[in-house]
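# Pasting the sequence and the predicted coordinates here, then a few questions.
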Amino acid sequence: MIEDLLARLVAVPSPYPEEGAIGDLLADLLQERGFSVERQRVADGRANVLGTKGSGPSLLFLGHMDTVAPEPGWENPYAIRRDGGRILGLGAHDMKGGITCLLSALEGADTPHAVKVAFTVDEENVSQGAHVLDRSGFLDDVAGCVSVESAELGGLEEACLGRRGRTVLQVDLYGRPAHAAAPQDGANAVTAAASVLLALGDVPLAIHERLGPASLTPLGIHAEARGLTVPERCTLTLDRHLVPPETPESALAELRERLPDMLEGVRVEARLADRPTPFLRPYWTAPDSAIARTVAQAIRTVVGKDAVWLAGSSVADENAVGARGIPTVVYGPLGGRDHTKHEWVDASSLPVVRDVLARVLAGWTPQLD
């Protein structure tokens with residue numbers, strides 16, 4: 001029973017970076033379904049779980065096996081419980097519900113084409129697993145991808161064809177110290193930072209026809225004066241969500257080009273924030289791609305409605321796949337309140353998503369888009 005499998009997955013704690021036990025279970029479940037399984041090392045004690053069945057141009061199913069840590073005060077987050085039509089538990093929606101649907105669809109499936117499965121670690125952090133997967137060669141023969149992530153879906157006819165990308169920019173402002181009682185003798189880096197923030201609010205940003213506008217959001221400001229001194233340095237941290245064809249580097253170049261017009265008397269430098277993995281780039285999949293057409297037909301058959309294509313407002317591991325040019329669709333069960341003790345998945349959506357994924361398995365053809 002599909003809910004029993006969900007309960008089994010939720011019962012295994014997997015907050016990053018502690019994905020070892022859930023990885024072992026998922027490896028066993030893939031082997032039971034006829035897959036050759038590889039544990040792809042990401043870091044000490046951490047590995048992606050990769051499954052392969054067949055050879056040639058492949059259909060990839062993608063999911064992440066880590067969760068966030070349980071919210072303080074959450075009693076027994078690893079035991080699912082029913083609340084009407086909802087099933088509650090840590091990871092029930094994000095994203096062990098989607099993995100449950102996928103494993104259920106794979107059970108007994110006999111497909112004439114190659115199928116790959118990638119269960120990654122660290123999605124809830126900095127996507128180390130997706131980064132290693134991207135660099136490994138495992139994706140080289142993938143012709144289409146379905147991520148069973150908990151997307152921003154409101155109905156079972158809805159699927160996601162793309163996501164914005166994201167980077168973090170930092171702006172360092174260097175003023176001139178002076179006694180705080182005589183601020184006119186110095187150049188206040190904090191005051192300059194305030195001017196930059198106000199000016200950034202008027203900067204026009206790119207707009208994508210389907211993903212919508214890019215965005216820029218201040219995340220932090222840090223400065224510290226030495227005693228009663230005009231602060232000589234201030235750092236701004238900015239979130240920058242990207243749309244095609246933007247990249248982290250192009251967003252940085254755009255910011256650097258605009259900053260000199262905002263300031264006088266203060267030196268300013270902009271950089272990408274330090275991060276152990278590359279920032280995730282945006283992607284958009286054409287609705288007439290082979291995988292999108294296959295998903296649309298499966299939704300029409302199972303749900304009885306035409307597919308509605310949505311766009312994801314932020315990043316997930318599938319950005320690493322879609323940004324390579326691999327047509328990627330996101331489709332998973334309904335739910336909400338992710339990352340809280342109220343996280344839930346709609347019980348009635350689980351068998352529907354399973355059946356849609358089974359139809360995709362049967363209906364997809366190894367067509368390179």
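Great, that's in hand.
# Tell me where this structure has helices.
For the chain, the helices defined by DSSP state H cover 2-10, 20-32, 96-106, 128-136, 189-200, 248-258, 290-303, 318-322, 349-363.
# For the fourth one, which outside residues touch it?
Yep, that's helix 128-136 we're talking about. Helix 128-136 has contacts (CB atoms under 8 Å, 6 or more residues apart in numbering) with 40-43, 46, 48, 50, 64, 118, 120-123, 139, 276-278, 280, 317, 319-321, 324. (C-beta placed from N, C-alpha, C; glycine too.)
# Can you flag the buried ones in the residues you listed?
Of the members of the contacts of helix 128-136, the ones counted as buried by neighbours, 16 or more other CB atoms under 10 Å, are 40, 42, 46, 48, 50, 64, 118, 120-123, 139, 277-278, 280, 317, 319-321.
# Hmm, residue 344 and residue 86 touching each other?
Yes: Residue 86 lies in contact with residue 344 (CB atoms under 8 Å); the separation is 4.1 Å.
# More neighbours: those two, which one.
The residue with more neighbours, out of residue 86 and residue 344, is residue 344; 24 against 20, by other CB atoms under 10 Å.
# show me the residues around that one that make contact.
Neighbours of residue 344 in contact, by CB under 8 Å, 6+ apart: 83, 86, 87, 88, 92, 93, 335, 336, 337.
# Tell me what the nearest residue to the fifth one once chain neighbours are set aside is bridged to.
Which is residue 92. Among residues not flanking residue 92 along the chain, residue 345 sits closest, at 4.5 Å (CB to CB, 6 or more residues apart in numbering). Beta bridges link residue 345 to residue 87, residue 335 when assigned by DSSP bridges.
# tell me, how many neighbours does residue 345 end up with?
Under the neighbour criterion other CB under 10 Å, residue 345 is assigned a count of 34.
# can I assume it is in contact with residue 86?
Yes: with contact defined as CB under 8 Å, residue 345 counts as touching residue 86 (7.1 Å).
# hey, least reliable of the helices of the chain by pLDDT?
Here the lowest mean pLDDT among the helices of the chain goes to helix 189-200, at a mean of 92.
# counting contacts, what elements does that one pack onto?
Other helices and strands packing on helix 189-200, by 3 or more CB pairs under 8 Å, 6 or more residues apart in numbering; DSSP states H and E, are strand 165-174, strand 215-223, strand 233-242.
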